[in-house]
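1. 3D, please:
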Amino acid sequence: MADAWITGIGIASCLGEGADAHWQALTTGEPRPDTTTFAPFIVHPIAPLELDKQIPKRGDQRQMEPWQRIGTYAAGLALDSAGVKGNAELLGSMDMIVAAGGGERDVAVDAAILSGLPKANAPEAFLNERLMNDLRPTLFLAQLSNLLAGNISIVHGVTGSSRTFMGEEAAGVDAVRIALARIQSGQSDIVLVGGAQNAERKDQMLIFEFAGLALKERFAPVWERSERPGFALGSLGAFLVIESRTHAEQRGAKPMARLASVVSDRCRRQPGAIAESLRRLWAKLAPSEAQAAIISGATGTEPATGEERAFLSEHAGLAVRATGTHLGHGIEPQFAVNIALAAVALSHEVLFPPCGAASFEKPMTGPLRQAVVTSVGHWRGEGMALVEAV
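-> A predicted model of the protein is given here:
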């Protein structure tokens, strides 16, 4: 079974862009959520991006919605990081796996339709006419989920096989899981995998508010939300370049970390089921628990976060970090960004400091050699990855 190396990382979030900016922010900064722009909802907005650096054609920028620009930008960062940007021969054989939601709605069109329907003499005909005339051809109620992969192909020239997974956090887990399986089996030599999310959307906030999942009014670190549970959405783009060790060595690429294993599950979410699911996944990974830490994708929703915390307490000797406190929750790309941050920490051989209640997120002394990345979906799906130093 081929070794899989992480040779490229591209991250864009509220903390900035690139591995170095994120490491600096995580080691020295405090969370800076936006509590006013979309009040009472709390979000982590994307940092300003110089789009021309990764999407040079203004026409390409204009035809994308924000989530596609964020993702295409992050993909470009990952290709730059891996040293493959502009290598047409290599990009032509690079496979791509994207985790995406249903795209963004055109809120202005929605509002116009909702305002006009009560006044229309023929509401059905009015609705059909407005949808046909007001929406772009790329919209079908919301944008097609595979538009991000298409734009990455157009802008960056990644033209190997392409897959897009939908299904919230579980889609992000399976995107990386399939990428790793293809590398390990020899079906792929090099894969670009990740996703993107634009959190600064009133339509999405409304959806999660209906479900009682949105964090509102007062910010708190992820582990300290049990009395007021919910997630603060985060605008996020995260891509990894994963390749076989042989392929990387042949082109002289240096690894940031080794992706050893990715496992997934989907329990029924009955009381205690999440913790039991995580125990099964942990047993499959079999981490050494020496010189190791846990990078958690906990959302802050309940009962998911409470059960994950209870499970993690069974491994009290390991330091835990919930990145959602700093980044917000990006849903589909959250697993990829946490694997990226694990790889960055492993490359520095230390874990970034705790945030929030010191009783749970403990400091870690000594070198970091392994990281377990967890993903417990706010509604469904569980996953874990084992990332190791090289």
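2. Just read off the phi/psi values of the residue of the chain positioned farthest from its centre.
-> Distance from the centre of the chain peaks at Asn121, with 45.3 Å (C-alpha atoms, centre = their mean). When quoted as degrees, to the nearest 10, the phi and psi of Asn121 stand at phi -70, psi -30.
3. roughly how far apart are it and Leu131?
-> 18 Å (C-beta to C-beta, to the nearest Å). Yep, even glycine has a C-beta here, placed from its N, CA and C like the rest.
4. The closest residue to Phe165 other than its chain neighbours - how many residues pack around it?
-> Among residues not flanking Phe165 along the chain, Ala171 sits closest, at 4.1 Å (C-beta to C-beta, 6 or more residues apart in numbering). By other C-beta atoms under 10 Å, the residues close to Ala171 number 24.
5. part of a strand, is Ala12?
-> Yes - according to DSSP: H, G, I helix; E, B strand; the rest coil, Ala12 belongs to a strand.
6. from memory it sits against Leu236, does it?
-> Yes - the criterion here is C-beta atoms under 8 Å, and Ala12 meets it with Leu236 at 7.3 Å.
7. Quickly list what's touching both of those two.
-> Ile46, Ile70 (C-beta atoms under 8 Å, 6 or more residues apart in numbering).
8. which stretches of this structure have low pLDDT?
-> Applying pLDDT under 70 to the chain flags the ranges 136-143, 357-358.
9. how does it divide into domains?
-> Following automatic domain parsing, the chain resolves into domains at 4-105+141-388, 107-139.
10. Tell me which of the ones you listed is the most buried.
-> domain 4-105+141-388 (a mean of 21; mean count of other C-beta atoms under 10 Å).
11. can you give me how far it is from the chain middle?
-> 3 Å (C-alpha atoms, centre = their mean, to the nearest Å).
12. Can you classify Thr164 by secondary structure?
-> Assignment for Thr164 (three-state DSSP): strand.
13. Give me the phi and psi for the closest residue to it other than its chain neighbours.
-> Leaving aside its chain neighbours, Thr164 sits nearest to Asn146 (4.2 Å; criterion: C-beta to C-beta, 6+ apart). As for Asn146, its main-chain torsions (degrees, to the nearest 10) stand at phi -90, psi 10.
14. hmm, who's touching whichever strand or helix holds Ser277?
-> For Ser277, the host element (DSSP states H and E) is helix 273-285. The contact list for helix 273-285, computed with C-beta under 8 Å, 6+ apart, reads 260-261, 263-265, 267, 303-304, 307-308, 310-311, 314-315, 372, 374, 376, 382-386.
15. Mind checking what helix or strand follows the helix or strand that contains Thr305 in sequence?
-> Thr305 belongs to helix 304-312 when elements are defined using DSSP H and E. Next along the chain after helix 304-312, taking DSSP H and E as the criterion, comes strand 319-322.
16. May I have the strands that pair with that next one, each with its orientation?
-> strand 292-296 (parallel) (DSSP bridges).
17. okay, the angle between the partner strand and helix 273-285?
-> Here strand 292-296 points in a direction 140 degrees away from that of helix 273-285 (axes from the mean of the first three to the mean of the last three C-alpha atoms, to 10 degrees).
18. okay, the angle between strand 292-296 and helix 304-312?
-> Using the same axes, to 10 degrees: strand 292-296 against helix 304-312 is 170 degrees.
19. how about the helices in this protein?
-> 18-28, 58-63, 66-82, 88-93, 107-116, 123-134, 147-156, 168-185, 202-210, 245-250, 273-285, 304-312, 324-327, 334-348 (DSSP state H).
20. Is it possible to get JSON lines of these that adds distance to Glu227?
-> As requested, the helices of the chain are arranged in JSON lines below (distance: least, C-beta to C-beta, whole Å):
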{"stretch": "helix 18-28", "distance to Glu227": "26"}
{"stretch": "helix 58-63", "distance to Glu227": "43"}
{"stretch": "helix 66-82", "distance to Glu227": "32"}
{"stretch": "helix 88-93", "distance to Glu227": "49"}
{"stretch": "helix 107-116", "distance to Glu227": "32"}
{"stretch": "helix 123-134", "distance to Glu227": "43"}
{"stretch": "helix 147-156", "distance to Glu227": "37"}
{"stretch": "helix 168-185", "distance to Glu227": "23"}
{"stretch": "helix 202-210", "distance to Glu227": "18"}
{"stretch": "helix 245-250", "distance to Glu227": "47"}
{"stretch": "helix 273-285", "distance to Glu227": "20"}
{"stretch": "helix 304-312", "distance to Glu227": "11"}
{"stretch": "helix 324-327", "distance to Glu227": "16"}
{"stretch": "helix 334-348", "distance to Glu227": "23"}
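21. what's the closest of the ones you listed to Leu51?
-> Leu51 sits nearest to helix 58-63 of all the helices of the chain, at 5.3 Å, using C-beta to C-beta.
22. And Pro56, how close does it get to His156?
-> Between Pro56 and His156 the distance, using C-beta to C-beta, works out to 11 Å.
23. Out of the helices of the chain, the one nearest Val222 is which?
-> helix 324-327 (4.7 Å).
24. Just the CA trace of the closest one, in CSV.
-> Output in CSV follows, covering the C-alpha atoms of helix 324-327 (Å, rounded to 0.1, in the frame of the first residue of the first chain):
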residue,chain,number,x,y,z
GLY,A,324,-14.0,26.0,15.1
THR,A,325,-13.4,28.5,18.0
HIS,A,326,-11.0,30.4,15.7
LEU,A,327,-12.3,29.6,12.2
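25. Please name the residues that touch the residue nearest to the spatial centre of the chain.
-> For the chain, the residue nearest the mean C-alpha position is Pro333 (1.6 Å; C-alpha atoms, centre = their mean). Neighbouring residues of Pro333 by C-beta under 8 Å, 6+ apart: Gly71, Ala99, Gly172, Gly194, Gly195, Ala196, Gln197, Leu236, Gly237, Ala238.
26. contacting residues around Gly317?
-> Neighbours of Gly317 in contact, by C-beta under 8 Å, 6+ apart: Glu289.
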